[in-house]
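**Q** give me the fold of what follows.
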Amino acid sequence: MKLLKSIDKLLASMGNVRAMERTHIDTYTENKMQEVAGEQIATSEQGGIWAALQELNGYVFMEVTILGTTKIKTFKGCTLTFLGDTELTLPSDTKEINSDFSNVSTRWMTQISFEITKKDLNYIKKKKYNQIRLDFKKKSLLFDTKK
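**A** Model (predicted):
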């Protein structure tokens, strides 16, 4: 294993792009993962969801950060569904979503913004849900809430 790492370092010093990517340590993304803004609202085997509220010009946005093993990349946006006695589905405010990878912890970090109303905010704050589902492309991630 040491021999392969030594070869990668040698190839990287000679300008090989793939070797540079393998030897690069991404401390920037890892530091962002350590200091996730907001409160963790759900977890699963794939990772977790953190949410923070932000108000801009009278509009309330929920900034969601997802840390996990799944890369999310789409140009059509996604939906976040709160599952309980009643369902609340929020379409993403941002349509272009792309995850950042950290090779230190081998996890993906995805940041998504959702516009919410006061009624939706009340539903979320009262925790009237027990699961959260994120749908993008033809995939779904299911998270259980922390209680």
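**Q** show me the domain layout of this protein.
**A** 1-35, 37-145 (automatic domain parsing).
**Q** return the most buried member of the ones you listed.
**A** Using mean count of other C-beta atoms under 10 Å, the stretch among the domains of the chain with the largest mean neighbour count is domain 37-145, at a mean of 15. For glycine as for every other residue, the C-beta is placed from the backbone atoms N, C-alpha and C.
**Q** quick one: name whatever helix or strand follows the least confident helix or strand in the chain by mean pLDDT.
**A** Ranked by mean pLDDT, DSSP states H and E, the weakest helix or strand in the chain is helix 27-34, scoring a mean of 56. Scanning forward in sequence from helix 27-34 by DSSP states H and E, the next helix or strand is strand 39-43.
**Q** what pairs with that next one, parallel or antiparallel?
**A** Strand 39-43 has its sheet partners listed here by DSSP bridges as strand 47-56 (antiparallel), strand 139-145 (antiparallel).
**Q** what's the helix or strand for Lys119?
**A** Lys119 belongs to helix 118-125, assigned by DSSP H and E.
**Q** mind listing what the residue lying closest to Ile66 once chain neighbours are set aside touches?
**A** Using C-beta to C-beta, 6 or more residues apart in numbering and skipping the chain neighbours, the partner closest in space to Ile66 is Thr110 (4.4 Å). Counting by C-beta atoms under 8 Å, 6 or more residues apart in numbering, Thr110 makes contact with 65-66, 68, 72, 97-100.
**Q** at 7 Å instead, please
**A** Contacts for Thr110 (C-beta atoms under 7 Å, 6 or more residues apart in numbering) come out as 66, 72, 97, 99.
**Q** export the helix or strand it falls within to PDB, keeping only CA atoms.
**A** Assigned by DSSP H and E, Thr110 belongs to strand 107-116. C-alpha atoms of strand 107-116 as PDB (Å, rounded to 0.1, in the frame of the first residue of the first chain):
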ATOM      1  CA  ARG A 107     -18.800  11.500   2.800                       C
ATOM      2  CA  TRP A 108     -20.900  13.800   0.600                       C
ATOM      3  CA  MET A 109     -22.200  17.200   1.800                       C
ATOM      4  CA  THR A 110     -25.200  18.600   0.000                       C
ATOM      5  CA  GLN A 111     -26.800  22.000   0.700                       C
ATOM      6  CA  ILE A 112     -30.300  22.700  -0.400                       C
ATOM      7  CA  SER A 113     -32.600  25.700   0.100                       C
ATOM      8  CA  PHE A 114     -36.400  25.400   0.500                       C
ATOM      9  CA  GLU A 115     -38.900  28.300   0.700                       C
ATOM     10  CA  ILE A 116     -41.500  27.700   3.500                       C
END
